[in-house]
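> got a structure for you, letters missing:
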């Protein structure tokens, strides 16, 4: 691997101090399950639009300790030209996890995990954006996860669609994301990081996995569905229904945040 | 007066039997939906039904379209064409710059074969032009100045002073009184204030 | 057509304000933008801070990791600062490896850390030649409206003051490190460098805390870093128009005043962060 000359480099190797905990501290992790929230409850959502002055539109979202910032640029001149780009616009999504956003420090270079998340984000937003209205142009969606405490993709989708609405990009609907962790019989909505990882020490059990769903709430259409792990077909369809319900719960908060930014940007026009 | 109704994308505004869809809306299954976050505006435009549209602070999402009058800044010239940055569409500033090209044959309407680009524009000139095509895969927006009202509106002389138009093809420097060639636009009243 | 003038002739537009001794955003020439600070908001970092200077927003997260000390300095630890200017913060930055500006900023911050000795690197050594701390200081711009260097240094300093590292001992029997997260300590902050940036217009007019637009139109930009003893720790003037000695002195005097204000701000926010816990 060639040395990274564009950054200040540290030692060749370094370890997270949590790896050196005495054995006793590693196993005993008495966590209060879900910090008092019911399995079907989402974490309280805090959402604001229009914080990044340089962007056409932006949004900031906090769900529990998960903190995400998104900015939208464009429509602007595309960097790459091809036949498809002339007829309709291009939506570029880039999701990054800040190096300090996870328990273990992340690398500067975008990892495969971040690339997968970027692609999933792009696929979930694509059906909602009226790209045919933006011929010869590209719209850039940049998402930065400042702190990762679970359900990152779901909240990134919600955050990005708020930023798109704030940027005045034409959309068929807003997009809301919701995640669910299935642990045997328990369906945990909007899981935090510890829940997302699952309790592997409890041993193997069937019906474990994660589901992330993106919904266009007004049209009641699903624009993205990502499931991993091992789920029974009936569990999966139940999970999809639960996710759709929790998406609808987010809608008022998202709507308020967008409208507040609209009002702040301009007074109502003269009739 | 009741406060104006606001909407976010995806909200159903009304049936097509009540209104005609305008800007910031789309049609689906006989209903009009909002495609923008903004204020819902109903306006009678002489038709049987009012036009419903969603408006925002600026038309920030405006892109240069065929037939639009644009204000641009010349960035480079060569014997065949001038390259420009499009700054405005109509009177709306663009947040991001789009590039355009004014080909030699689109500089003026008459004596096209005698046009010389460097006697028409210089880098840094502010030019009023009209979009004739969105271009193809390789090219940028194609623009024309082949109308009396189109052409150079602001230009600086070699001495650095802002020049005054003296004819449709010449401008004069107020400091050195040197004349320079330009494809000058017939100045329109709204530009005099600049 | 006032807006038209601004877009088409930005330099003339700015000059017309500077002639009247003010700036397009209503500030006087020597006025900094309102500066606000938020400390300790990132739970996954060992220390963090976010600063806003006007619109410019920069966040710093510090992660402490364990490593072997460098072979040429076996009694020292590492401080690894990196500045990231992601495409999120402005349309002028593209995705991919850090551009020139980010590289220069990272190097500048590294030089300030080394030059001013914010933290004695000896304090980061746990056992000579065996184990030491590495402080990864990742500084990220979230909104780029000029003067990121000042923001980077304030956020770095505040984040370092917020950082807590666990107690580490080496088990004599197994020769392995043991981390005790129940007992954490703050870092020993040795010096408090604060920077002030200036822009020069038309080779003569000096303005403080330039916005992104002012930076791009200026003929020169200057950053001066001073510490609490009014010592100059770094001075950065990457080319541009030349400047008289008096103007230079003026910059340093203003930096000393700015240091007092920022120092007070950091102390105040740290106090209120502690009080709320």
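That came through, no problem. Everything numeric here is computed off the predicted structure, so don't read it as measured data.
> Which of the three states applies to the residue nearest in space to the middle of chain B?
In chain B, the C-alpha closest to the average C-alpha coordinate belongs to residue B:70, at a distance of 2.0 Å (Cα atoms, centre = their mean). The three-state assignment at residue B:70 reads strand, by DSSP: H, G, I helix; E, B strand; the rest coil.
> so who does the residue nearest to it when sequence neighbours are not counted touch?
Excluding the flanking residues, the one nearest residue B:70 by Cβ to Cβ, 6 or more residues apart in numbering or on different chains is residue B:86, at 4.9 Å. (Each C-beta comes from the backbone N, C-alpha and C, glycine too.) Residue B:86 is in contact with B:64, B:70-72, B:94, B:97-100, B:141, B:143, counting by Cβ atoms under 8 Å, 6 or more residues apart in numbering or on different chains.
> Looking at those residues, which is nearest residue A:163?
Nearest to residue A:163, judged by Cβ to Cβ, of these is residue B:94 at 19.5 Å.
> Enumerate the positions of the helix or strand harbouring that closest one that are buried.
Element membership of residue B:94 [criterion: DSSP states H and E] is strand B:92-103. Neighbour-count burial for strand B:92-103, counted by 16 or more other Cβ atoms under 10 Å in any protein chain shown, picks out B:93-95, B:97-98, B:100-103.
> Output the longest helix belonging to the chain.
Looking at chain A here, since you left the chain open. Ranked by residue count under DSSP state H, the longest helix found in chain A is helix A:233-265.
> Switch to chain C, please.
Looking across chain C with DSSP H, the single longest helix is helix C:245-275.
> ok, residue A:228 - contacts?
By Cβ under 8 Å, 6+ apart, the contact set of residue A:228 is A:209-210.
> now the helices: where do they sit in chain C?
C:2-8, C:10-18, C:100-116, C:148-162, C:212-217, C:245-275.
> May I see the buried residues of the shortest one?
Of all the residues in helix C:212-217, those buried under the rule 16+ other Cβ under 10 Å are C:212-215, C:217.
> Now look at that helix and say if it contacts chain A.
Yes. Using Cβ under 8 Å from any Cβ of the partner chain, helix C:212-217 comes into contact with chain A via residue C:212.
> repeat for the third one
Yes. Counting by Cβ under 8 Å from any Cβ, contacts between helix C:100-116 and chain A involve C:102-103, C:106-107, C:110.
> Weed out the non-buried ones from those residues.
Neighbour counting by 16+ other Cβ under 10 Å classes C:102-103, C:106, C:110 among the residues of helix C:100-116 next to chain A as buried.
> Which residue ranges of chain B form helices?
B:189-192.
> got the residues of it near chain A?
By Cβ under 8 Å from any Cβ, the residues of chain B that approach chain A are B:3-4, B:6, B:8-12, B:24, B:26, B:28, B:33, B:35-39, B:41, B:55-58, B:60-61, B:63, B:95-99, B:134-138, B:141.
> which of the residues you listed come close to chain C?
Judged by Cβ under 8 Å from any Cβ, the overlap between the residues of chain B next to chain A and the neighbourhood of chain C comprises residue B:96.
> ChimeraX command for the buried members of the residues of chain B next to chain A?
This is how ChimeraX selects the buried members of the residues of chain B next to chain A, with burial counted by 16+ other Cβ under 10 Å:
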select /B:6,8,9,10,11,24,26,33,35,36,37,38,39,41,55,56,57,60,61,63,95,97,98,134,135,141
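> quick one, what contacts residue C:220?
Applying Cβ under 8 Å, 6+ apart, one finds that residue C:220 lies in contact with C:199-200, C:203, C:237, C:239-241, C:243.
> before we move on, what about residue C:234?
So residue C:234 contacts C:108, C:111-112, C:115-116, C:193, C:195, C:223-225 (Cβ under 8 Å, 6+ apart).
> Count the neighbours of the residue in chain A that chain C sits nearest to for me.
Nearest residue of chain A to chain C: residue A:100, at 2.6 Å (Cβ to the nearest Cβ). Residues lying near residue A:100 (other Cβ atoms under 10 Å in any protein chain shown) number 26.
> That one and residue C:45, how far apart?
Applying Cβ to Cβ, to the nearest Å, the value for residue A:100 to residue C:45 is 4 Å.
> so what sits against both of those two?
Shared contacts of residue A:100 and residue C:45, defined by Cβ under 8 Å, 6+ apart, comprise C:61-63.
> Output those residues in CSV, with pLDDT appended to each entry.
What follows is the shared contacts of residue A:100 and residue C:45, written out as CSV (pLDDT from 0 to 100):
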residue, pLDDT
C:61, 97
C:62, 96
C:63, 96
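> returning to that earlier point: would you reformat the contacts of residue C:234 as a markdown table and include distance to residue C:252, pLDDT and neighbour count?
Shown next, in a markdown table, are the contacts of residue C:234 (distance: Cβ to Cβ, whole Å; pLDDT from 0 to 100; neighbours: other Cβ atoms under 10 Å in any protein chain shown):
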| residue | distance to residue C:252 | pLDDT | neighbour count |
| --- | --- | --- | --- |
| C:108 | 17 | 95 | 21 |
| C:111 | 18 | 95 | 15 |
| C:112 | 15 | 95 | 25 |
| C:115 | 16 | 91 | 15 |
| C:116 | 15 | 90 | 21 |
| C:193 | 13 | 96 | 23 |
| C:195 | 12 | 95 | 27 |
| C:223 | 11 | 95 | 21 |
| C:224 | 6 | 95 | 24 |
| C:225 | 10 | 95 | 25 |
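> Out of the residues you listed, which is nearest to residue C:263?
Nearest to residue C:263 among these, with distances taken as Cβ to Cβ, is residue C:193, at 10.5 Å.
> separation between residue A:185 and residue B:40?
For residue A:185, the distance to residue B:40 (Cβ to Cβ) stands at 47 Å.
> higher neighbour count, the two?
Each of residue A:185 and residue B:40 has its neighbours counted (other Cβ under 10 Å); residue B:40 has more, 19 against 8.
> Please name the nearest non-neighbouring residue to residue A:253.
Closest residue in space to residue A:253, ignoring its immediate chain neighbours: residue A:45 at 4.9 Å, by Cβ to Cβ, 6+ apart.
> quick one: the one you found and residue A:60 touch, right?
No. Residue A:45 lies out of contact with residue A:60 (Cβ atoms under 8 Å); the separation is 11.3 Å.
> quick one, which of those two is more surrounded?
Neighbour count, other Cβ under 10 Å: between residue A:45 and residue A:60, residue A:60 has more, with 23 against 19.
> hmm, the helix or strand hosting the more buried one touching chain B?
Assigned by DSSP H and E, residue A:60 falls within strand A:57-63. No. Figure legend: strand A:57-63 not in contact with chain B (Cβ under 8 Å from any Cβ); closest approach 8.7 Å.
> Quick one: residues contacting the residue of chain C at minimum distance from chain A.
Of the residues in chain C, the one nearest chain A is residue C:61, at a distance of 2.6 Å by Cβ to the nearest Cβ. Residue C:61 makes contacts with A:98-101, C:42, C:44-45, C:47-48, C:138, C:140, C:159, as judged by Cβ under 8 Å, 6+ apart.
> In strands, which of the residues you listed appear?
Mapping the contacts of residue C:61 onto strands (DSSP state E) picks out C:47-48, C:138, C:140.
> and the most centrally placed residue in chain C, what is it in contact with?
Within chain C, the residue whose C-alpha comes closest to the C-alpha centroid is residue C:153; the distance, by Cα atoms, centre = their mean, is 1.7 Å. Contact analysis of residue C:153 by Cβ under 8 Å, 6+ apart lists C:109, C:112, C:193-195, C:225.
> The strand holding residue B:94 pairs with which strands, parallel or anti?
Note on strand B:92-103: by DSSP bridges, its sheet partners are strand B:81-89 (antiparallel), strand B:141-144 (parallel).
> now the longest one: mean pLDDT?
Computed over strand B:81-89, the mean pLDDT rounds to 89.
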